[in-house]
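Q: When you get a sec, could you give me coordinates for this:
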Amino acid sequence: MTIRQARPFYHARWLFPEAIFRIRSSEKAVLLTFDDGPSPESTPDLLGILDSANVRAIFFCNGKAAEKYPDLVNDMKRRGHIVGNHGYDHISGWSTSIKVYCDNAERASHFTSATLFRPPYGRLRIRQYRSLRKSYRIFFWDIMSFDYDLTFGAERSLELLKRKLRSGSVIVLHDTPASTCRIFLKEFIDSSRGRGYKFCISA
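A: From the prediction side, this is the model:
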C-alpha cells in the first residue's frame, strides 16, 4: 500500500462483497480500530486515552502478542472494547497457502476472537476469504492513517484522517510502540466530535 491509497482499492469491495469496509448507521457514526497489539508499551496509553474520551474501539490483536499478554487483552474487554483476530503471525495471504493462512487465523482465535477477523496488510486471496467468512465477519477499512510510518508523521496522519473522514468510516490505527497515533488520537476524537461525528463499535 502506498501513501496515496488511504482508502482500499475500489475493486476490493467487489472482490469481498460481504466484508466490512464502512459501517451502516443513520447517524454520523465512525469506528476506531487498532491493529497489531497488544503491547505493554502502547496498549495502556491507548486504553487511557479512550477511557478519558469515553470511546470504545475494536482491537484486532496479533495472536502471538495476545498469547504473551493475556492481561492486556482482558483489560481491553473489561473496559468495554471488542477484541478481534489479526492472525497469529501477521502473515500475508498473498504469499501463503489457504490451509496455512486459515490455520494461522484459527490458532490466533484461541487468544483473540473466533468471530471477527482482519487480514494482516489487507492481503487476502479469494479462496481464503471464502473459507474464513464461514466463521468470521471480515473487516477491512475505509481510512488507513499511516500512523505506523514514522516518515509520514503524526501531523500528516491527523490531517489525512480529518480530510478523509466520512459517515461510516472504519479507521485503522496501530497498537504498537512505533505508532504515532498516541500523539494525535485525543485531538482527532475531539475534532471529529466537534464536526458532529459519534464513535461506535457496531457494524
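Q: Just the buried residues of the lengthiest helix in the chain, please?
A: In the chain, with assignment by DSSP state H, the single longest helix is helix 181-194. By 16 or more other CB atoms under 10 Å, the buried positions in helix 181-194 come out as Cys181, Arg182, Phe184, Leu185, Phe188, Ile189, Ser192. The way it works is simple: take the backbone N, C-alpha and C, and place the C-beta from them, glycine included.
Q: What is it packed up against?
A: The contact analysis (3 or more CB pairs under 8 Å, 6 or more residues apart in numbering; DSSP states H and E) places helix 181-194 against helix 43-53, helix 154-164, strand 170-174, strand 198-199.
Q: Name the surrounding residues that touch the second one.
A: Meaning helix 154-164. 6-7, 142-143, 145-147, 171, 180-181, 183-184, 187-188, 191-192 (CB atoms under 8 Å, 6 or more residues apart in numbering).
Q: Just the angle for it relative to strand 170-174, thanks.
A: 170 degrees (axes from the mean of the first three to the mean of the last three CA atoms, to 10 degrees).
Q: and helix 154-164, what's its mean pLDDT?
A: The average pLDDT for helix 154-164 rounds to 97.
Q: Would you pull up how far it lies from the middle of the chain?
A: Its chain's average C-alpha position is 17 Å from that of helix 154-164, according to CA atoms, centre = their mean, to the nearest Å.
Q: again, but for the third one
A: On the basis of CA atoms, centre = their mean, strand 170-174 sits 5 Å off its chain's mean C-alpha point.
Q: quick one: strands adjacent to it?
A: Partner strands and pairing direction for strand 170-174 (DSSP bridges) are strand 29-35 (parallel), strand 143-144 (parallel).
Q: quick check: angle from the first one to helix 181-194?
A: Computed by the same axes, to 10 degrees, the angle separating strand 29-35 from helix 181-194 equals 170 degrees.
Q: Strand 29-35: how far from the chain's middle?
A: 6 Å.
Q: Give me the neighbour count for the closest residue to Arg13 other than its chain neighbours.
A: Once flanking residues are discounted, Arg13 sits nearest to Phe21: 5.8 Å by CB to CB, 6 or more residues apart in numbering. With neighbours defined by other CB atoms under 10 Å, the count for Phe21 comes to 17.
Q: Now render the strands paired with strand 170-174 as JSON lines, adding mean pLDDT, mean neighbour count and distance to Thr151.
A: JSON lines is the format used below for the strands paired with strand 170-174 (pLDDT from 0 to 100; neighbours: other CB atoms under 10 Å; distance: least, CB to CB, whole Å):
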{"stretch": "strand 29-35", "mean pLDDT": "98", "mean neighbour count": "24", "distance to Thr151": "19"}
{"stretch": "strand 143-144", "mean pLDDT": "96", "mean neighbour count": "22", "distance to Thr151": "15"}
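Q: With respect to Thr115, which of the ones you listed lies nearest?
A: strand 29-35 (14.9 Å; CB to CB).
Q: what does the closest one rub up against?
A: So strand 29-35 is contacted by 23, 46, 50, 55, 57-60, 84, 86, 118, 120, 139, 141, 165, 167-175, 181, 192, 197-201, 203 (CB under 8 Å, 6+ apart).
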